[in-house]
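1. Turn this into a structure:
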Amino acid sequence: MAVLTTRVNDALTINPPAGDQFFTVNGSNWLWTVTAIYTLTFVIIYALSFKARAGEKFFHYTFTLANLVGAITYFALASDLAFSVIPQSNNLQYGLTRQIFWSKYVNWVVNFPITIVSLGVLSGVSWLTIVYNVALSWTWIISYLVGAYTTTNYKWGFFTFGTVAWTALAVSTLTTGLSAAGRVDVRRDYITLMGWVNLLWLLYPIAWGLSDGGNKIGVTPGAVFFGVLDVLLIPVLTYATIVLSRKWDYGKLNIAFTQYGRVASTPGTFPEKEAPASAATAAV
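-> Sure thing, here's the model as predicted:
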């Protein structure tokens, strides 16, 4: 019992913070909680994937990966690893340098596209639209990452480019995606899920402008802000998607993947099964 009662978070003792504005123990404690949430969600969804039918594991697989990546990146954040000390050009009364964690951008580079692919497949949009949306998300995140590492006010140029990419992404998911979702009878669920995602995405530019961009709030408040957003985005979306997916008609969603891509799941309609017969008929 003595061991349990005397346990403390010594991550910042082992991995000391740096910079004038740096990470604190309270921030680390919160991020360990976020790590635990991601890890628990990963275990639950991974276990549920064994119960799902063979043709209905798509969302289990995608969100299993998303939560695993989230657990890894937040383990690094909570451990005070994967950061750089960057000189600041704004609000210097708070310090000349700031601890910038690049690992959270790695998390977004993986998990934003996973979210886009999952809900894109649900809505029934074309693969070209999904690739376009993924590219927009990467443009958004990488612009913010470059901006966070820019030591002058030119960082706001990268912020502008990234925010334009986010705006185009939001418009695409709320127009093209919504139109396609109506054709496969998941319009209401798609509005619920994608509306939630876009509501949270709206807050990321604000959080970045206050923290890594504008240096308005400290490293720990910034970590808490992003931690809350990330938990609401991935673990909460995971549970909502898995619960709603139990009533979806996977045949109507056309989530059947072949060498020709996503095709209708009606027996006998797979192109690669019909091609040999067509070729034989032509030969005769």
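2. can you give me the helices for the stretch 51-200 of the chain?
-> When secondary structure is read from DSSP state H, counting those that start in this stretch, the stretch 51-200 of the chain shows helices at 58-78, 103-123, 127-148, 155-183, 187-208.
3. Would you mind saying which of the ones you listed lies nearest Gly19?
-> With respect to Gly19, and counting by CB to CB, the nearest of these is helix 127-148 at 13.0 Å. Placement of C-beta: from N, CA and C, glycine included.
4. Off-centre distance for the closest one?
-> On the basis of CA atoms, centre = their mean, to the nearest Å, the separation between the geometric centre of helix 127-148 and that of its chain is 12 Å.
5. Same question for that helix: list its buried residues.
-> Neighbour-count burial for helix 127-148 flags 129-130, 132-134, 136-137, 139-148 (criterion: 16 or more other CB atoms under 10 Å).
6. Can I get that helix as PDB, trimmed to CA atoms?
-> Taking C-alpha atoms only, helix 127-148 is exported to PDB below (Å, rounded to 0.1, in the frame of the first residue of the first chain):
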ATOM      1  CA  TRP A 127     -12.500   7.600 -54.000                       C
ATOM      2  CA  LEU A 128     -11.300  10.800 -55.800                       C
ATOM      3  CA  THR A 129     -13.200  12.900 -53.300                       C
ATOM      4  CA  ILE A 130     -11.800  11.000 -50.300                       C
ATOM      5  CA  VAL A 131      -8.200  11.400 -51.600                       C
ATOM      6  CA  TYR A 132      -8.900  15.100 -52.200                       C
ATOM      7  CA  ASN A 133     -10.200  15.500 -48.600                       C
ATOM      8  CA  VAL A 134      -7.200  13.600 -47.200                       C
ATOM      9  CA  ALA A 135      -4.800  15.800 -49.100                       C
ATOM     10  CA  LEU A 136      -6.600  18.900 -47.800                       C
ATOM     11  CA  SER A 137      -6.200  17.600 -44.200                       C
ATOM     12  CA  TRP A 138      -2.500  17.100 -44.700                       C
ATOM     13  CA  THR A 139      -2.100  20.600 -46.200                       C
ATOM     14  CA  TRP A 140      -3.900  22.000 -43.200                       C
ATOM     15  CA  ILE A 141      -1.800  20.100 -40.500                       C
ATOM     16  CA  ILE A 142       1.500  20.600 -42.200                       C
ATOM     17  CA  SER A 143       0.900  24.300 -42.700                       C
ATOM     18  CA  TYR A 144       0.200  24.600 -38.900                       C
ATOM     19  CA  LEU A 145       3.300  22.600 -38.100                       C
ATOM     20  CA  VAL A 146       5.600  24.800 -40.300                       C
ATOM     21  CA  GLY A 147       3.900  27.800 -38.700                       C
ATOM     22  CA  ALA A 148       4.600  26.500 -35.200                       C
END
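7. Cool, thanks, signing off.
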